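Colleague: coordinates for the following, if possible.
(one chain, ligands or ions: 1)
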Amino acid sequence: RVPLRVLAERKGFGIGAAATLGPIRKDENYRRILSEEFNQLVTENEMKFQRLQPEQGRFDFSKADEIVEFARSRDMRVFGHTLVWQRGLADWLKAGDWTREELLELLHDHIDTVVSHYRGKVYAWDVVNEALAPDASLRDLIWLRGIGPEYIDLSFKWAREADPQAHLFYNEYDGSGWGKSAQLKVDALYNLLTGLLERGVPLDGVGLQMHIGLDKPPSYEGLKQTLERLSGLGIEIQITETDIRLGNSSDSLPKKLAQQAKVYGDLIRACLDVERCSGFWFWGVTDRYTWVNGITGTPEDPLIFDRFYQPKPAYDAIAREL
Ligand code: XIL
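Modeller: Numbering: from 1, shown residues only. As a prediction, the model looks like this:
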């Protein structure tokens with residue numbers, strides 16, 4: 001077969017996977033598939049706040065550096081995930097009783113230190129992740145409470161100052177997959193990004209997370225409409241963090257795998273059909289290692305390679321669209 005990465009590169013398209021260091025170190029098959037099939041790599045966990053700054057002022061880049069080196073040696077673009085997020089925060093930060101000035105300094109110091117460390121090595125950053133709550137208001141988190149909504153503007157500004165070349169993304173979640181039923185969230189996202197751009201905040205792109213299940217998959221049309229609307233902002237778009245859970249319907253496994261393949265095909269096609277949509281991500285490489293088995297408690301097999309590294313029908317669907 002022709003690897004996805006080769007197909008994608010013919011169109012200048014990004015095909016990415018989230019990776020973690022454990023299997024990169026110990027699993028030869030994982031390493032091989034990761035670097036043969038994908039041209040973008042995002043750090044699934046190793047660049048989250050608590051991992052990089054486990055104690056105040058003490059940064060630990062060792063694990064993230066190892067992943068970045070792996071990706072660079074295989075000519076993969078690295079996306080750094082993520083500078084600002086409500087989860088993945090360090091305990092010392094959550095436990096502290098900080099003034100506004102102190103929080104501004106902590107946030108600036110974290111962003112400046114991390115982005116400077118990876119200047120020239122990380123292609124793009126998820127600067128702010130999931131700042132919107134499900135009801136479309138700004139999510140209540142330490143930075144919003146202590147600094148105010150301008151923590152978002154400042155994060156982008158500080159990231160730009162630390163690495164003027166890196167592409168700066170805002171990444172957002174919606175469990176319904178950004179189709180019609182996500183209108184409230186799409187409106188909120190659109191308004192948030194419009195505000196950033198109007199205020200001159202250095203924003204280059206938006207990532208749409210795609211953690212979904214087969215029970216209510218988004219349609220090609222629904223996603224495409226959302227992508228076209230966001231394209232109007234004039235920024236780059238990537239479909240990020242895709243995994244499609246098989247769910248627990250009574251359908252046979254082959255039927256579910258065929259449905260999963262169809263949804264994967266629809267989603268990547270919507271992206272390929274919109275000019276500003278420049279890349280598509282899987283939140284993992286193989287069903288052997290995926291975070292959703294842990295959160296739902298049942299095997300969800302949400303990715304395009306099975307537990308034995310065999311390409312699934314979803315893989316073929318992606319390859320056909322590319
Ligand atoms: C998840 C990882 O996959 C898990 O391994 C970890 O335990 C928790 O975080 N949205 C995001 C990602 O932006 O960072 C999350 O990743 C999944 C949801």
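
Colleague: ok, residue 228 - contacts?
Modeller: By CB atoms under 8 Å, 6 or more residues apart in numbering, the residues touching residue 228 are residue 274. All C-beta atoms are positioned from the backbone trio N, CA, C, and that covers glycine.

Colleague: that one in helix, strand or coil?
Modeller: Per DSSP: H, G, I helix; E, B strand; the rest coil, the local secondary structure of residue 228 is helix.

Colleague: for residue 320, see how far away it is.
Modeller: 23 Å (CB to CB, to the nearest Å).

Colleague: what do you get for residue 221?
Modeller: 19 Å.

Colleague: and residue 253, by the same measure?
Modeller: 21 Å.

Colleague: mind checking which of those two has more residues around it?
Modeller: residue 320 (12 against 9; other CB atoms under 10 Å).

Colleague: pull the contacting residues for that one.
Modeller: By CB under 8 Å, 6+ apart, the neighbours of residue 320 are residue 265.

Colleague: avg pLDDT for whatever helix or strand it lives in?
Modeller: Element membership for residue 320 (DSSP states H and E) is helix 313-321. Here helix 313-321 scores 98 as its mean pLDDT.

Colleague: just stretch 261-277 next, same as before
Modeller: 98.

Colleague: same check on stretch 81-94?
Modeller: pLDDT averaged over stretch 81-94 gives 96.

Colleague: check stretch 167-175 too.
Modeller: So the average pLDDT for stretch 167-175 ends up being 96.

Colleague: what sits up against that stretch?
Modeller: 79, 81-82, 123-132, 156, 159-160, 182, 185-186, 189, 192-193, 196, 202-209, 211-212, 236, 238, 240-241.

Colleague: phi, psi for the residue nearest to residue 35 when sequence neighbours are not counted please.
Modeller: Sequence neighbours aside, residue 74 is the residue nearest to residue 35 in space, at 3.9 Å (criterion: CB to CB, 6 or more residues apart in numbering). Phi and psi for residue 74, reported as degrees, to the nearest 10, are phi -110, psi 20.

Colleague: can you list the residues of the stretch 151-300 of the chain near the ligand?
Modeller: Proximity of the stretch 151-300 of the chain to the ligand (CB under 6 Å from any ligand atom) is limited to residues 173, 209, 241, 291.

Colleague: if you rank those by neighbours, which is first?
Modeller: residue 241 (24 neighbours).

Colleague: could you pull out the buried residues of the helix or strand bottoming out on mean pLDDT in the chain?
Modeller: Counting by mean pLDDT, DSSP states H and E, the chain has its least confident helix or strand at helix 291-296, which shows a mean of 87. If you call a residue buried by 16 or more other CB atoms under 10 Å, then helix 291-296 has these buried ones: 291, 292, 293.

Colleague: could you measure from the closest residue to the second one other than its chain neighbours over to residue 290?
Modeller: Using CB to CB, 6+ apart and skipping residues adjacent in sequence, the residue nearest residue 292 is residue 300, 4.7 Å away. According to CB to CB, residue 300 stands 7 Å off from residue 290.

Colleague: and if you look at residue 258?
Modeller: Residue 258 is 20 Å from residue 290, by CB to CB.

Colleague: pick out the residue of the stretch 101-250 of the chain closest to the ligand.
Modeller: Residue of the stretch 101-250 of the chain nearest the ligand, by CB to the nearest ligand atom: residue 129 (5.1 Å).

Colleague: give the burial count for that residue, as a bare number.
Modeller: That count, for residue 129 with other CB under 10 Å as the rule, works out to 23.

Colleague: hmm, it is touching residue 85, no?
Modeller: Yes: the pair residue 129 / residue 85 is scored as a contact, 4.2 Å apart, by CB atoms under 8 Å.

Colleague: list residues touching both of the two?
Modeller: With CB under 8 Å, 6+ apart, residue 129 and residue 85 have no common neighbours.

Colleague: follow-up on the earlier one: gap between the least confident helix or strand of the chain and the chain center?
Modeller: 17 Å (CA atoms, centre = their mean, to the nearest Å).
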